[in-house]
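Enquirer: structure for this input, please:
(chains A and B)
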Amino acid sequence: MNDPFEILGLSRGVAISAERIDKAYREASRRLHPDSGGEGEDFQEMAKAADLLKSPSRRLRWAIESTESAWDGRGSVPTSVMDLFSPVAEVIQKVDQFALERGNSKSALGRAVLDARVPELKRELEDVLQSVSDEEADLLRAFEEFDRRGWLELAEQMGEVARGLSFLEKWQGEIRAATGKLFQALLGGI
Amino acid sequence: MSEVIVGIDLGTTQSAVGVMDSGFPILLADESGSVLTPSVVWYGGNGEVEVGQRALRRAGVDRVFASVKSLIGRRYDELDELQKKAVSEQVTFSTASGEKSPEEISAEILKELKAIASERLEIEVGKAVVTVPAYFNDAQRAATKRAGELAGLEVVRIVSEPTAAALSYGLDRLKESARVAVFDLGGGTFDVSILEMREGVFEVVATAGDTHLGGDDFDELLLRMAAKRLSIEWEGFDGLERARWHWEARRVKHELSLRDEVVFRIPFSGECVISRGDFELEMSPFLDRVEGCCRRALVDAAMEVSELQAVVMVGGSSRIPVVKERVEAVFEKEPDLSQHPDEAIARGAAIQAGVLAGTVREVLLLDVTPLSLGIETMGGLMNVLIPRNTTIPCKAGEMFTNAADSQRSMKVRVLQGERELAVDNWELGAFEVEFQEERKGKARVGVEFRIDSDGILSVLARDIASAQDTVIEVGSAAVDVAEARVEKMVSESVEFAFEDMSARVFEEARLKAEELLPAVEVALVQLGGHLETEERQVIEKARDGVVSAIASGNGPSLKAAVEELDGATETLAAMLVDLASGALFSDS
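Expert: As a prediction, the model looks like this:
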């Protein structure tokens, strides 16, 4: 992919806030969206670049590859991230089990007994999401140093952080999906 | 002068047309001064057609066609039993002027709106922006576009209804930055969208909805309530009688938003009083579904309700007090009722029409695709290529290779929906990828899926060797109706064969008993203290009855015992539900 920073008119640097990216995306949309006279292809390329930048792990990965260092998706991951693996898997499994039992439930009382567990499950989901977000914030703190000392020199460290972040982002999505599932089981609809 | 594009809200129960006038969206009135046209069509025997108020006056006397939007772009096998009764297996209505599809009937409404606009603006209107529910899928959007063409209108853009309402809300707030939820509960469909508005850019962040939930369901609910009270078998009603009950139900629904009790009255059939409390009680399953969509939109947007500055309510059903109450409870803020519930969407459509005509320069809309797009993989799973809530226009590519030396083609099924199993999603159609004759794994064809600004899909195949693109026709997944019916009959007959077998009855009852018995113990420990001694005894007696019926091995008697226990524990279940929902939403 072409330089996403350039496409969005941003100076190169992985330590960039979500707000900055959003603002650049809106300004570029004004120029490039077909409805304001732009070309569809340009808009889509820009939207893809913005999507990439909005994800810290993909942003980091792009930075590593731009230095022509090798990117290894299966390398080491920060221990602090690995420590979260079981708590996340556990709560998601609990919700899946709940949704399954709720779906198969045949009596009002059976459903009511199951539903009584929902507040607890919801709290657990919120807690684990919080831990994941805290960990993400922790890892993001290293980004300024990456920019300062140079991507080429720190490529290996950046790789580890990027792999950790990609787990965290994946988990955030899964935890949100589980929260949605919980409500869906409870409220029906969709 | 730039060309005129009108904005049209093609609603389930009523429609409207608007245009930008000196920077403001205005709605155009018909000759009687009304800006709302009932979405009702009547056909005469000699090819006459009447639309709107004129057609509506015939309702109850002659057959009129209403709420056809709920059938547009849909297949017979997806319809519910009541809808199937109204149409042929090709999903057409038989009218005095012959068989008419939902598109053709919708086209009559669009023609009427086109005529109103042309009359008021004193020019021939040829282009329109038309709104559809955000949660409409590809087929429903494409069918709406075809209806426009049949009416002689070029549909320059399909816009989601809640997005249109957001434009209407945001037009005089262009300097502000806000995150808002738009709650749109109309006559037949429900949508909720979460948007970010900044410096005139309206960015849809997430959208969720239900294309079969709206005011028509509440009419149906009131009809059933009244029929039950009057001990009348409404299932046997013919078309006209049904229509009469429906219009009365609608009137009662409107009145119930204003007072606590309303008389439901059908001449020569009887009358009964319906209280707002009773109506609200029956509404709660619908409100739960509405809430489920709202919560999913919030989850998708990764936002807390506290991050939203406003929840804007539109759609006729947002006038119902209990709907407002639920919205306020879910979003934890007083709903914004500044937009006219019936007119906001047409105004928004007019604003987007202005954007496309180049007269409105300060607004830019970035909308999303509401449903994930994917293909069926081996093993019957859905492989998502474009996730829901991706900004449109967008595209995604997929590479296909031959799995065997001799393989010359491969069938690809295109799906839309959120479920893991392919069969649970909506099948848009299927196409064949053609391979050159090559060794296994050597033939490669790239396929590109594009979703345009209308939310409509097109598919391109690229031969890697020649770099030639060809547009692939995604064949409609026309299910052979006769075949589908045979399948249904076969499965039904198998079901009936089991019906009289006591073993099956016993097995079903035993499964339910296995769930109920431990649940009773849990509930008694948690809530036993709140029960009267007598209530407790009734439950325990019913429980013991189930235990001994299991030992007896007799199907019917176990079934009866389980039903008794189910009944005896109703209050207990209700108490648990209250407890859980209290704990669930008090802390967030």
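
Enquirer: for stretch B:155-164, buried residues please.
Expert: Residues B:155-164 are the ones in stretch B:155-164 that count as buried (16 or more other CB atoms under 10 Å in any protein chain shown). Where C-beta positions appear, they are placed from N, C-alpha and C, glycine not excepted.

Enquirer: for the most centrally placed residue in chain A, give me its contacts.
Expert: Closest to where the C-alpha atoms of chain A average out (CA atoms, centre = their mean) is residue A:169, at 2.8 Å. Residue A:169 makes contact with A:55-57, A:136 under the criterion CB atoms under 8 Å, 6 or more residues apart in numbering or on different chains.

Enquirer: before we move on, the earlier item: inside helices: which ones of the buried residues of stretch B:155-164?
Expert: Secondary structure from DSSP state H places B:161-164 of the buried residues of stretch B:155-164 in helices.

Enquirer: so which of those are also by chain A?
Expert: Filtering those for proximity to chain A by CB under 8 Å from any CB of the partner chain leaves nothing.

Enquirer: pick out whichever of these sits closest to residue A:114.
Expert: Residue A:114 has its nearest neighbour among these in residue B:162, at 32.7 Å by CB to CB.

Enquirer: that closest one and residue B:189 touch, don't they?
Expert: No. Residue B:162 is beyond contact range of residue B:189, at 10.2 Å (criterion: CB atoms under 8 Å).

Enquirer: quick check: residue B:199 vs chain A, distance?
Expert: Per CB to the nearest CB, to the nearest Å, residue B:199 is found 7 Å from chain A.

Enquirer: with residue B:68 instead?
Expert: Distance, residue B:68 to chain A, using CB to the nearest CB: 24 Å.

Enquirer: one more: residue B:377?
Expert: 19 Å.

Enquirer: next up, the contacts around that residue.
Expert: Listed by CB under 8 Å, 6+ apart, the contact partners of residue B:377 are B:383, B:422.

Enquirer: show me what from the stretch 151-300 of chain B comes close to chain A.
Expert: Proximity of the stretch 151-300 of chain B to chain A, by CB under 8 Å from any CB, involves residues B:198-199, B:201, B:203, B:208, B:210, B:213, B:285, B:288-293, B:295-296, B:299-300.

Enquirer: repeat that for the stretch 301-450 of chain B.
Expert: For the stretch 301-450 of chain B, the residues in contact with chain A (CB under 8 Å from any CB) are B:302, B:355-356, B:361, B:364-366, B:391, B:393-395, B:418.

Enquirer: how does it look with 10 Å?
Expert: B:301-302, B:352, B:355-356, B:358, B:361-366, B:387, B:390-395, B:418-419, B:450 (CB under 10 Å from any CB of the partner chain).

Enquirer: give the buried subset of the residues you listed as a PyMOL selection command.
Expert: Only the buried entries of those go into this PyMOL selection, using 16+ other CB under 10 Å:
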select buried, chain B and resi 301+352+355+356+363+364+365+366+387+390+391+392+393+394+395+418+450
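
Enquirer: inside strands: which ones of the residues of the stretch 301-450 of chain B next to chain A?
Expert: B:364-366, B:390-391, B:394-395, B:450 (DSSP state E).

Enquirer: thinking again about what came up before, can you list the contacts of residue A:169 in a markdown table and add neighbour count and secondary structure?
Expert: Shown next, in a markdown table, are those (neighbours: other CB atoms under 10 Å in any protein chain shown; DSSP: H, G, I helix; E, B strand; the rest coil):
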| residue | neighbour count | secondary structure |
| --- | --- | --- |
| A:55 | 15 | coil |
| A:56 | 22 | helix |
| A:57 | 19 | helix |
| A:136 | 19 | helix |
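
Enquirer: okay, these in JSON lines with pLDDT next?
Expert: Converted to JSON lines, the contacts of residue A:169 look like this (pLDDT from 0 to 100):
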{"residue": "A:55", "pLDDT": "95"}
{"residue": "A:56", "pLDDT": "96"}
{"residue": "A:57", "pLDDT": "95"}
{"residue": "A:136", "pLDDT": "97"}
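
Enquirer: please enumerate residues in contact with stretch B:222-232?
Expert: B:233-235, B:237, B:241-242, B:245-246, B:248-253, B:256, B:262-266, B:269-274, B:278-279, B:281-283 (CB atoms under 10 Å, 6 or more residues apart in numbering or on different chains).

Enquirer: same for the helix or strand harbouring residue A:139, what does it pack against?
Expert: In the assignment (DSSP states H and E), residue A:139 maps to helix A:118-140. Judged by 3 or more CB pairs under 10 Å, 6 or more residues apart in numbering or on different chains; DSSP states H and E, the packing partners of helix A:118-140 are helix A:56-66, helix A:79-104, helix A:155-187, helix B:570-586.

Enquirer: where do the helices sit along the stretch 1-150 of chain B?
Expert: Applying DSSP state H, counting those that start in this stretch to the stretch 1-150 of chain B gives helices spanning B:53-56, B:81-86, B:102-121, B:138-150.

Enquirer: generate CSV for the ones you listed, with mean neighbour count and distance to residue B:442 as supplementary columns.
Expert: As requested, those are exported to CSV (neighbours: other CB atoms under 10 Å in any protein chain shown; distance: least, CB to CB, whole Å):
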stretch, mean neighbour count, distance to residue B:442
helix B:53-56, 18, 62
helix B:81-86, 12, 48
helix B:102-121, 22, 44
helix B:138-150, 22, 33
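
Enquirer: I'd like to know which of those helices is closest to residue A:182.
Expert: Of the helices of the stretch 1-150 of chain B, nearest to residue A:182 by CB to CB is helix B:138-150, at 29.0 Å.

Enquirer: off-centre distance for the closest one?
Expert: 16 Å (CA atoms, centre = their mean, to the nearest Å).

Enquirer: next one: stretch B:292-299
Expert: Computed by CA atoms, centre = their mean, the chain-centroid distance of stretch B:292-299 equals 15 Å.

Enquirer: can the lowest-mean-pLDDT helix or strand in chain A be said to contact chain B?
Expert: Taking mean pLDDT, DSSP states H and E as the measure, helix A:108-115 is the helix or strand of chain A with the lowest mean score, a mean of 86. Yes. Using CB under 10 Å from any CB, helix A:108-115 reaches chain B at A:108-115.

Enquirer: what about that helix, distance to the chain center?
Expert: Centroid separation between helix A:108-115 and its chain, computed with CA atoms, centre = their mean, is 34 Å.

Enquirer: run the angle between it and helix A:79-104 for me.
Expert: Per axes from the mean of the first three to the mean of the last three CA atoms, to 10 degrees, the angle that helix A:108-115 makes with helix A:79-104 is 170 degrees.
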